[in-house]
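Asker: I need the structure of the sequence given here:
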Amino acid sequence: MSEQRRGERLDQPRAPRGLHLPRIDADSFGRWAEGIARGMGTANFLVYMTLILAAWFLWNTLAPANLRFDPYTFTFLTLVLSLQASYAAPLILLAQNRQADRDRVSLDEDRRRATMQKADTEYLAREIAALRIAMGDVATRDFLRSELTRLAEELDEAAERRRKLERRQQERESRRPAADDPLDEPRDELDGDYARGGRPEG
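Answerer: Here you go, the predicted model:
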């Protein structure tokens, strides 16, 4: 009893019991099933199947009685067609399941790529928005042109003011009397302050 309890330990998995069936490569069998299903879905299969059935009927109807292997009611043909249908349906279902698995993987890949493209698009949109904001603070060509035009106008105005100031100074200097003329009068010979030689009398 103790040995049986020692053998049935809870910390170890049980050894599988029952019949051990041979392992079949599911991928290879699936490819084979897809090939059969693909072949059965073609026009060639229908034509060949029709020719075989026609030959079966003709042989078992027109041939001598001792050579007919499936006489009328065609029981053996019914069995063969039933066997074919019983195997064709699972093979077609297997092929459809493999196609559904491929479609699921393809959809998952498309969804993953769409998610990546969406993330990339959102990233690019954010970058473009950041660039537009940054470009708002950068001097553009039109802004530089307007600033240069304004500076040129200011320089022209400053030069015009400078010319006006110089003109006023020249006018003042032309109106100002000479430094050695005490009375601010014109020098002439009629005035008695100066002698004929140009020196003051006295």
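Asker: where does the closest residue to Trp59 other than its chain neighbours fall, phi/psi-wise?
Answerer: Spatial nearest neighbour of Trp59, chain neighbours left out: Arg68 (7.1 Å); criterion: Cβ to Cβ, 6 or more residues apart in numbering. Heads up, the C-betas are built off the backbone N, CA and C, glycines and all. In terms of degrees, to the nearest 10, the main-chain angles of Arg68 are phi -80, psi 120.
Asker: can you tell me which residues contact Arg68?
Answerer: Trp59, Asn60, Thr61 (Cβ atoms under 8 Å, 6 or more residues apart in numbering).
Asker: if I look at it, how far off is Leu53?
Answerer: To Leu53, Arg68 is 16 Å away according to Cβ to Cβ, to the nearest Å.
Asker: ok, which stretches of this protein are strands?
Answerer: Applying DSSP state E to the chain gives no strands.
Asker: nearest residue to the middle of this structure?
Answerer: Nearest to the geometric centre of the chain sits Gln117, at 4.4 Å (Cα atoms, centre = their mean).
Asker: measure that one to Ser106 for me?
Answerer: In terms of Cβ to Cβ, Gln117 sits 16 Å off from Ser106.
Asker: so what touches stretch 54-63?
Answerer: With Cβ under 8 Å, 6+ apart as the test, stretch 54-63 has contacts from Leu67, Arg68, Phe69, Asp70, Pro71, Tyr72, Phe74, Leu77.
Asker: what's the pLDDT at the residue nearest to the centre of the chain?
Answerer: The score at Gln117 is 94. That number is its pLDDT.
Asker: got a list of what it touches?
Answerer: Gln117 neighbours (Cβ under 8 Å, 6+ apart): none.
Asker: that one and Trp59: what is the separation?
Answerer: Taken as Cβ to Cβ, the span from Gln117 to Trp59 is 63 Å.
Asker: swap in Asn97?
Answerer: Taking Cβ to Cβ, one finds Asn97 at 39 Å from Trp59.
Asker: also Trp32?
Answerer: Noted for Trp32: a distance of 31 Å to Trp59, by Cβ to Cβ.
Asker: then Ala158?
Answerer: 120 Å.
Asker: who has more neighbours out of these two?
Answerer: Trp59 (13 against 10; other Cβ atoms under 10 Å).
Asker: state the pLDDT value of Asp110.
Answerer: 94.
Asker: ditto for Ser86
Answerer: pLDDT, Ser86: 91.
Asker: how many neighbouring residues does it have?
Answerer: By other Cβ under 10 Å, 9 other residues sit near Ser86.
Asker: contacting residues around it?
Answerer: Applying Cβ under 8 Å, 6+ apart, no residues contact Ser86.
Asker: and the one 3 residues further on, by the same measure?
Answerer: Ala89 sits next to no residue when contact means Cβ under 8 Å, 6+ apart.
Asker: state the distance from it to Leu79.
Answerer: 16 Å.
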